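1. Quick one, what's the 3D model for this:
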Amino acid sequence: MTVWKQFLFVLMATLIACSGQTDLKSPEGTLAAFDKAIESENKQEAQKQCTNEFWMSERDSGQRIFKQGTRKKFKLKQSGVLVKDNKAVVTADVIIDGKVKDQLYFYAIQKQDRWLFDGMDESKKHIDLYMNGTLPARFYPEDYPTNPELQKIGEKLANIALALQEADSDPDKQALLLKDTFIGDPKYIYSQLRILRQNSDQNLMVKSTHIVDSIKRGAIVIVDDQGRDQAVIYAKKEGDGWRLIVCHTCCLNGEVILR
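-> Model prediction:
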């Protein structure tokens, strides 16, 4: 083989190899690499696309998404990307059997010349708050401090839950009971506290309160005497008071508090 032919052979081989490589210097490239790692069930390659904190998180971690992907055989296809300085958000369609089943938002940071995923969720409202530095990539309300105003409101609600249930057909009594809790229409507040009223036959207490000052949002976790979550009440700060957003069951949820 002549020197010229050897050169052409090496050049072609290099071009073929490079064509299969992923551009790791863009947020989109990081998603493509993560998707490829899921497809090939390559845990080490998947981990390389994430910060250690995100990969090892005990909550919505990169490792958890990788395991779900390999189990459910889904693909991640980029359908949008926002970049600002060293931050980016990649929108990914979750595709199973050729159909879009869900949409996830991957929060990325640039480290040296690479982009790494530092968080993921399904909350569209989180995107701008991450990009402008208001919230971190991994946002969990339970990580935020307690609030005495919410504690006081929560204690009152826990104490009047039974009375609220008994006032089901008496709007005037409902309004009187809910005085000094949330600002706004008493009818709306009463309606939203349905979950709390349903558990009024149990001994209820405030387990914790949390305030996210940067977005003026807060949460009250009320449990029964067994320590089980019975109601999580979300509210937003308005002036000197709090306006009720919604009352849910189960555990604290970052997507709900951003409503």
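2. from here on, contacts and neighbour counts on C-alpha atoms
-> Fine.
3. distance of the closest residue to residue 141 other than its chain neighbours from residue 110?
-> Spatial nearest neighbour of residue 141, excluding adjacent residues (C-alpha to C-alpha, 6 or more residues apart in numbering): residue 254 at 5.9 Å. Noted for residue 254: a distance of 24 Å to residue 110, by C-alpha to C-alpha, to the nearest Å.
4. Tell me where the stretch 101-250 of the chain has strands.
-> Using DSSP state E, counting those that start in this stretch, the strands of the stretch 101-250 of the chain run over 114-121, 204-212, 217-224, 229-238, 241-248.
5. Go through the longest one and flag the buried ones.
-> When burial is assessed from 16 or more other C-alpha atoms under 10 Å, strand 229-238 yields the following buried residues: 229, 230, 231, 232, 233, 234, 235, 236, 237.
6. if I look at the nearest residue to the second one once chain neighbours are set aside, how far off is residue 175?
-> To tie it back to what came earlier, the one meant is residue 230. Of all residues beyond its chain neighbours, the one nearest residue 230 is residue 223 (4.9 Å), with distances taken as C-alpha to C-alpha, 6+ apart. To residue 175, residue 223 is 24 Å away according to C-alpha to C-alpha.
7. who has more neighbours, these two?
-> residue 223 (22 against 17; other C-alpha atoms under 10 Å).
8. Isn't that one up against residue 208?
-> No. Using C-alpha atoms under 8 Å, residue 223 is not in contact with residue 208; the gap is 9.2 Å.
9. How about residue 153: what's its closest non-neighbour residue?
-> residue 181 (5.4 Å).
10. Distance of that neighbour relative to residue 145?
-> 20 Å.
11. neighbour-wise, which of these two wins?
-> residue 181 (21 against 13).
12. got the contact list for that one?
-> 153, 156, 157, 242 (C-alpha atoms under 8 Å, 6 or more residues apart in numbering).
13. wait, which of these is closest to residue 185?
-> Comparing the contacts of residue 181 against residue 185 with C-alpha to C-alpha places residue 242 closest, at 12.3 Å.
14. That closest one contacts residue 236, correct?
-> Yes. Using C-alpha under 8 Å, residue 242 is in contact with residue 236, at 5.6 Å.
15. I'd say residue 27 and residue 111 touch.
-> No. Using C-alpha under 8 Å, residue 27 makes no contact with residue 111, being 11.4 Å away.
16. quick one: which of the two has more around it?
-> Higher neighbour count among residue 27 and residue 111: residue 27, with 28 against 12, using other C-alpha under 10 Å.
17. Now do that one against residue 50, distance only.
-> On the measure of C-alpha to C-alpha, residue 27 and residue 50 end up 11 Å apart.
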